[in-house]
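Q: I'll drop the sequence and a predicted model, then ask my questions.
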Amino acid sequence: ETGVTQTPRHLVMGMTNKKSLKCEQHLGHNAMYWYKQSAKKPLELMFVYNFKEQTENNSVPSRFSPECPNSSHLFLHLHTLQPEDSALYLCASSQEVTENQPQHFGDGTRLSIL
Amino acid sequence: DQQVKQNSPSLSVQEGRISILNCDYTNSMFDYFLWYKKYPAEGPTFLISISSIKDKNEDGRFTVFLNKSAKHLSLHIVPSQPGDSAVYFCAAAFEGTYKYIFGTGTRLKVLA
């Protein structure tokens, strides 16, 4: 079983739809992250949760709403997205929120906004 | 302005030879550096890391070198294998933080 699982792998939605991305980690980690990767741009950190508490919101628009019900699950709720939100969304986890605890990534959700 | 730069978008190397991937950074306060490998349709996979108190770290065929005075990081793969063909990202972080600053990646192609 893979360490960090993301569903769905692909998602196409209209600008008025509401959808959610799901992430589950099986590594016993305490921290979880959402990243965005747009074409030809570096990975951008969006949100960080440590022991279910949000510790980082990197100036992300409110149309992205994260939820972390427990240390193993992370959701990203999407509402009225814009075409520029089309990107690869990656979830990651780490044992702790320090620099020397490498983050382990899922395979991502490829999101396309029509 | 990008703090972590990978100036070579792609690199081709013959199987069995050395692959050298480069990364430059601008902030001398970065304390920790990592390399990730990414295959198509998969997430990045952690490869190797180095603390700023070291100048070299080795793990099997992979060696990372850190030149703090030049603010330069490199990943050496010896010998290169076709399975190493992937996109390689370098990342940097400040001490005590989880914020990785990623480069844009270098696509390595190892030719059989």
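A: Looks like it came in fine. Numbering: from 1, shown residues only, chains lettered A, B, ... in the order given.

Q: for the residue nearest in space to the middle of chain A, what are its contacts?
A: Centroid-nearest residue in chain A: residue A:34, 2.9 Å away (criterion: CA atoms, centre = their mean). By CB atoms under 8 Å, 6 or more residues apart in numbering or on different chains, residue A:34 lies in contact with A:23, A:45-47, A:66, A:74, A:76, A:89-91. Heads up, the C-betas are built off the backbone N, CA and C, glycines and all.

Q: Could you list everything it pairs with in the sheet?
A: Beta-bridge pairing for residue A:34 (DSSP bridges): residue A:47, residue A:91.

Q: For it, give its distance to residue A:99.
A: 18 Å (CB to CB, to the nearest Å).

Q: again with residue A:7
A: For residue A:7 relative to residue A:99 (CB to CB), the value is 29 Å.

Q: Residue A:59 too?
A: Distance from residue A:59 to residue A:99, by CB to CB: 21 Å.

Q: any low-confidence regions in chain A?
A: A:1-2 (pLDDT under 70).

Q: How about the residues of it by chain B?
A: Within chain A, the positions near chain B by CB under 8 Å from any CB of the partner chain are A:4, A:6, A:31, A:33, A:40-43, A:45, A:48, A:56, A:90, A:92, A:94, A:97-108.

Q: Filter these down to the buried ones and express that as a ChimeraX selection.
A: The ChimeraX selection below is limited to those of these classed as buried (16 or more other CB atoms under 10 Å in any protein chain shown):
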select /A:4,6,31,33,42,43,45,48,56,90,92,94,97,99,101,102,103,104,105,106,107,108
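
Q: mind listing what the spatially closest residue to residue B:49 that is not a sequence neighbour touches?
A: Take residue B:49 and drop its neighbours on the chain: the residue closest to it by CB to CB, 6 or more residues apart in numbering or on different chains is residue B:34, 4.3 Å away. For residue B:34, the contact set (CB under 8 Å, 6+ apart) comprises A:102, B:46-50, B:90-93, B:100.
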